[in-house]
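Visitor: model this:
(3 chains)
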Amino acid sequence: MMFAALTSNAGNAPGYLGSDVGHTIVKFLPSAATPMAHSWDTLFFWLIGISGVVAMTLTAVIAILMIRYRRGRKVNRDFHITRKRELWIEFSWSLPVFLAFLAFFYAGANIYVKAFTKPNDPIHIDVTGKQWMWKFEHPNGAREIDTLHVPIDRLVELDMTSTDVIHDVDIPAFRIKHDVLPGTHMFLWFKATRLGTYDLFCNQFCGLGHSKMRGEVIVMKDADYAQWLDDQQVPNSPAERGAALFRAHGCSGCHMGNAAIHAPDLAGIYGKPVPLSNGKMVIANEAYIRDSILFPSKEIVAGFNNDMPSFRGKLSEGEIQEIISYIKKLHRDYRNQP
Amino acid sequence: MSTKPEQVKVQFETLDQQQSADRLGMWIFLATETMLFGGLFFGYTAMHTLHPQIFDKASHELEWQLEFINTAILLTSGLTMALAEFAVAAKRRWLTLFLLILTLFFGAWFLTAKGIEYLDDFSNGIVPFVAGGYHYSGLQPQIAKLFFNFYFALTGLHAFHMSIGMLLLMLMAWLTFRWRDPDKMIRRLRIVGFYWAFIDVAWITIYTTIYLVPR
Amino acid sequence: MSAAVTLPDEPPSYPEEHYLNNGYSLKSWLTTTDHKRIAWLFFFALTFMFLIGGTAAALIRIELITPAGDLVSDGTYSRLFSVHGIVMVWFFLIPSIPNTFGNFLLPMMIGARDMAFPRINLLSWYVYMIGALAIIASLFAGAPDAGWTFYTPLSTQYANDATIIAAVGVFIVGFSTIMTALNFVVTIHRLRAPGMTWFRLPLFVWSMYAVAVLMLLATPVLAITLLMVTVSSWLHIAIFNPAIGGDPLLFQHMFWFYSHPAVYIMLIPSMGVVSELITTFARKQVFGYEVMVFSMLMISIASFFVWGHHMFVAGESTFSALVFSLMTFVVSVPSAIKIFNWTTTLYKGTISFDTPMLYGVSFIGLFLVGGLTGVMLASTGLDMDLHGTYFVIAHFHYIMVGAAVTAYMGAIHYWWPKITGRMYPEMWGRFAAITMFIGFNATFGPQFLLGVAGMPRRYHTYPPQFQVLNEASSAGAVVLAIGYIMPFCYLIWSLRYGKIAPPNPWGATGLEWQTASPPPEHNFGGEIPVVSRKPYDYKHYDAEHGEWQGRP
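Guide: Coordinates of the predicted model:
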């Protein structure tokens, strides 16, 4: 294996408490490897604790009642209750339950919203799910299959899509997962704070090879990661290949600065809100750019005509990814210019 | 056991109870039918939200004038059906039969016109699921396919319900012709009338969403 | 103390004429419109389907003993869990209590001679059988392999033909569900005995009402969704195919719009059964009857607005995820109230530990665990990690097997004397109930830990660190299987050799106990009974003589 040597020097922190990945020992929660995972653990243990107390208490109450009021035992069984009192009792135990549930909701939503808000200036890694393998592509064009190298203490954003059915990127040690859908882009982000090798699973049934669609995430020191990137043979970065496609398919004829045909300028557009002809606004994210290439008439930028042909069938899924990388690069260049 | 009229089934006490059970059953059945169409409408609305312009443009391929006349025909059949219920309540055998046959006639007219529209659709090349039936040249043919699929699904489901309604009406016409038990006929026609009215309402909803709203 | 009430001195005799000896020919069974006989037809069919689903489950557990895929191929494994899910959900759990006990008891409990539409009731069984035959046909055609959820585009473009045959089978069985539900609602509305007001209905009848409403409104949406899947795959229509502009999430929305209420379709009947069991064996009026009724209705209505909690990490917007999460917490409150009410019912009761009561109490315990873990999954943040893992598997098995099947077994034991006129051996009954409880927890308890450790569901092979827990789970499954086989044997034995049951062996108050065991053809010999009391009025019921004391 190409990466076998690298795996071993990627740091020896275990993925699980008490042992290395792969040994047959009973393990429960994998040890948290991101700040998000730590807050997840806190919430989880709170809820487990509260649930445990509730379950124990109720079990104890039921056991005591069943023993105390068993048939044949001499005990006072006079039971009178007014309707008003009955309703009061019902109310008095419903309200705390309801309030506790609201608190649980709030605590969970807190983590969820954080996880689904895009981070600032992350390292973008393109992820493509395919029956039954994971393809990763780093910003400099380095590609790998089923193994993902990431640097420690850096924000990493996965831009994910699928070429066939629905898959799901699941990294238990980071406590995150998200479905990967064909025809659209989904994202996940994390900031690994612990060196080590962690499991990556496909968590959406995707056909016969589903359980073999496993990989690992290797968290490395910054310097090691840079070294690793350098060691990869990179033909062209995706953005460079995208730029070539952008010219070859004639996109630059209309979408570049002083073109004859009037079309929106794409420099710096990535991530920006775009006004549409129907009065709405969209954010120019991967999904929007992708749609604009495949279904140009779906959302037309305000002030422009629907002149663009669809590139459906003319560009492969990978080529679309490369063009999007190029548009992202345009954005970075645009932002960095004086 | 107290004496019960002959036609009251064993599980009921009175004829009134039995009739109201039949009516309630029909209402509940129509509620489930609403959810059946509702599921399709939900899907259609979701896809329309995704591709509004393409769907609206695709809808222009449909013959809304022809279907406007068709809607009027179907509503007329609803009227004749309602009149048939009144006629049978007045125990007027031949008038009932006449009105039922008229309802059948309008129903058949509607279905024939629908068939003609389907044939037109085929020659216009907007039948995506038949080999060689799809050569739509408008906006985004691939996406417009979705619209046409929903169009055929909704109108097809409706036509299927119409056909069942027609079979029921034929049975009713035959029973009216025989005129064995007028009291029973009143109840039967009321149930069938319910169903026919539902078909009318379902059609008006389809017509509005698929044909009119996109214009 | 084998029964809650001492039996009369002279041994009870078997009635001369009853619904079972009213014709023995096959024709008399296949053309019957007697709701009690139709219940038997369903009982046989359901038991057969349960065996198919159970066999698949057993093979899954055997395969998972080792991390490698050494017993069956990956294709066979996909088929096993797809068949297990499809058969158990649509051909066992959803019809389980409604179509057997609902059919048998509902008319008797409200004091009616039969269902409102007996012929539709029989038709429902035939439609069920056609659906079941389609499923069995799909087994011979290669067996479905896309999971019970039929997720697109896997099911429409990548799965085998048998998947579509199975989808058609589920589509067909939906109509059986609708027919039965329609019958229930009309029967409850129109055929209640004189004096049987809405708030004198036993909670089991209320549960049938709540579940019928769910079935009527949710099942058609499943029907149209599966029809779209079927047609999509036959005619290559693109409604759910993203490659040509369709939307796979649309399928998930429509599927869960049905399938979340479906969870409550499986659960609510068991709540009804357990309410009967607890009150009978605690000999006490259920605590908070009205609140029990309203909480059941609230669950049934609110369950229509929580489907999105299956899609927190599937691509729905953050906002809708939060709304669905909040709604899910809200719908959990009535379930919590019900647990508190059952517990309080025990207070100052006269509790006996007959077999049905053991099932009733194990239901409360297992439902509690299933419910609390459900609350954890309703939290968007926790679901981010737990979604799609064995934690979810364990959670819904605690609800669907721990709660629903336990209640089903409880119902079999509680009403067995009424249905067959015979008693089962009590010691065997208790032994089986305890075995089932232990076996169930041993099977699914370790799966919570597996899920927390991160093991995804539907994995044919798995990393070795999950092996010990998988072995524990499989070992537990052996105990559980023994627990299920025992009643199968001694109940058949009791049909011939069991003690003859009196009309009211448990001294219960329900109308179904006021007629012979087994009941005559139209349930109540001559006139139908007149009701003048609240349900479960044990305070004023002298079970020994079967007489009421005091004013109603």
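Visitor: switch to C-alpha atoms for all contacts and neighbour counts from now on
Guide: OK.
Visitor: which secondary structure element is home to the closest residue to C:L191 other than its chain neighbours?
Guide: The shortest distance from C:L191 to any non-neighbouring residue, by CA to CA, 6 or more residues apart in numbering or on different chains, is to C:A112 (5.9 Å). Of the helices and strands defined by DSSP states H and E, none includes C:A112.
Visitor: please, which helix or strand holds A:A100?
Guide: helix A:83-115.
Visitor: after that helix, next one along is what?
Guide: According to DSSP H and E, the helix or strand after helix A:83-115 is strand A:123-130.
Visitor: and that following strand, does that touch chain C?
Guide: No - on the criterion CA under 8 Å from any CA of the partner chain, strand A:123-130 is out of touch with chain C, staying 12.3 Å away.
Visitor: which other helices and strands contact that strand?
Guide: strand A:133-137, strand A:155-162 (3 or more CA pairs under 8 Å, 6 or more residues apart in numbering or on different chains; DSSP states H and E).
Visitor: next, format these as a markdown table and append mean pLDDT.
Guide: Below are these laid out as a markdown table (pLDDT from 0 to 100):
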| stretch | mean pLDDT |
| --- | --- |
| strand A:133-137 | 92 |
| strand A:155-162 | 93 |
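Visitor: out of these, which is the most enclosed?
Guide: strand A:155-162 (a mean of 22; mean count of other CA atoms under 10 Å in any protein chain shown).
Visitor: distance from it to the middle of the chain?
Guide: 7 Å (CA atoms, centre = their mean, to the nearest Å).
Visitor: counting contacts, what elements does it pack onto?
Guide: strand A:123-130, strand A:176-180, strand A:186-191.
Visitor: for chain B, which spans come out with low pLDDT?
Guide: B:1-3 (pLDDT under 70).
Visitor: identify the residue of it closest to chain A, quick one.
Guide: B:H51 (6.2 Å; CA to the nearest CA).
Visitor: quick check: that residue touching A:K298?
Guide: Yes - between B:H51 and A:K298 there is a contact under CA atoms under 8 Å: 6.2 Å.
Visitor: okay, the two: which has more neighbours?
Guide: Shown here are B:H51 and A:K298; by other CA atoms under 10 Å in any protein chain shown, B:H51 has more neighbours (22 against 19).
Visitor: residue contacts, that one?
Guide: The contact partners of B:H51, taken as CA atoms under 8 Å, 6 or more residues apart in numbering or on different chains, are A:K298, B:I143.
Visitor: measure it to B:L139 for me?
Guide: With distances taken as CA to CA, to the nearest Å, B:H51 is found 11 Å from B:L139.
Visitor: now C:H413
Guide: 65 Å.
Visitor: out of the two, which sits in the busier spot?
Guide: More neighbours surround C:H413 than the other of C:H413 and B:L139, with 23 against 17 (other CA under 10 Å).
Visitor: element containing that one, please.
Guide: Assigned by DSSP H and E, C:H413 falls in helix C:406-420.
Visitor: tell me which other helices or strands the very next helix or strand once past that helix touches.
Guide: The helix or strand immediately downstream of helix C:406-420 is helix C:426-453, counting by DSSP H and E. With contacts defined as 3+ CA pairs under 8 Å, 6+ apart, the packing partners of helix C:426-453 are helix C:355-378, helix C:390-397, helix C:467-497.
Visitor: which residues of the stretch 451-552 of chain C lie near chain A?
Guide: Checking the stretch 451-552 of chain C against chain A by CA under 8 Å from any CA, the hits are C:452-454, C:456-469.
Visitor: could you identify the buried members of those?
Guide: Restricting these to buried positions leaves C:452-454, C:456-469, with burial counted as 16 or more other CA atoms under 10 Å in any protein chain shown.
Visitor: ok so, going back, any chance of the helices and strands packed on helix C:426-453 in a markdown table, with mean pLDDT too?
Guide: Output for the helices and strands packed on helix C:426-453, formatted as a markdown table (pLDDT from 0 to 100):
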| stretch | mean pLDDT |
| --- | --- |
| helix C:355-378 | 95 |
| helix C:390-397 | 96 |
| helix C:467-497 | 94 |
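Visitor: how about these, which one is nearest C:L346?
Guide: helix C:355-378 (10.5 Å; CA to CA).
Visitor: count of neighbours near the closest residue to B:K145 other than its chain neighbours?
Guide: Closest residue in space to B:K145, ignoring its immediate chain neighbours: B:P128 at 6.2 Å, by CA to CA, 6+ apart. Neighbour count of B:P128, defined by other CA under 10 Å: 25.
Visitor: so B:P128 sits in a strand?
Guide: No - residue state for B:P128 (DSSP: H, G, I helix; E, B strand; the rest coil) corresponds to coil; a strand is not indicated.
Visitor: residues touching it, list them.
Guide: B:Y134, B:K145, B:F148, B:N149, C:I237.
Visitor: before we move on, which element is the last one in?
Guide: Here C:I237 sits in a region with no helix or strand, counting by DSSP H and E.
Visitor: number of residues surrounding it?
Guide: Residues near C:I237, counting by other CA under 10 Å: 23.
Visitor: surely it meets C:T230?
Guide: No - shown here, C:I237 and C:T230 do not form a contact pair, counting by CA under 8 Å, at 9.6 Å.
Visitor: okay, and A:V274 sits in which element?
Guide: Using DSSP H and E, A:V274 falls in strand A:273-275.
Visitor: can you tell me the strand partners of that strand and which way each runs?
Guide: The pairing partners recorded for strand A:273-275 under DSSP bridges are strand A:281-283 (antiparallel).
Visitor: from memory B:Y211 sits against B:E61, does it?
Guide: No - contact criterion CA under 8 Å: B:Y211 and B:E61 do not qualify, at 9.5 Å.
Visitor: more neighbours: these two, which one.
Guide: Counted by other CA under 10 Å, B:Y211 and B:E61 do not tie: B:Y211 has more neighbours, with 21 against 16.
Visitor: tell me who's in contact with that one.
Guide: B:S59, B:H60, B:L62, B:W64.
Visitor: residues near the second one, how many?
Guide: B:H60 is flanked by 15 other residues according to other CA under 10 Å.
Visitor: dump the residue contacts of it.
Guide: Taking CA under 8 Å, 6+ apart, one finds B:Y211, B:P214, B:R215 in contact with B:H60.
Visitor: list the contacts of stretch A:96-113.
Guide: A:36, A:39-40, A:43, A:47, C:318, C:322, C:325-326, C:329-330, C:333, C:336, C:378-382, C:384.
Visitor: so which of those sit within strands?
Guide: Counting by DSSP state E, none of the members of the contacts of stretch A:96-113 fall within strands.
Visitor: now the terminal residues of stretch C:503-518, how far apart.
Guide: 8 Å.
Visitor: what mean pLDDT does that stretch have?
Guide: On average, the pLDDT along stretch C:503-518 is 90.
Visitor: who does the helix holding C:H413 touch, helix- and strand-wise?
Guide: Contact partners of helix C:406-420 among helices and strands, from 3+ CA pairs under 8 Å, 6+ apart: helix C:248-282, helix C:355-378.
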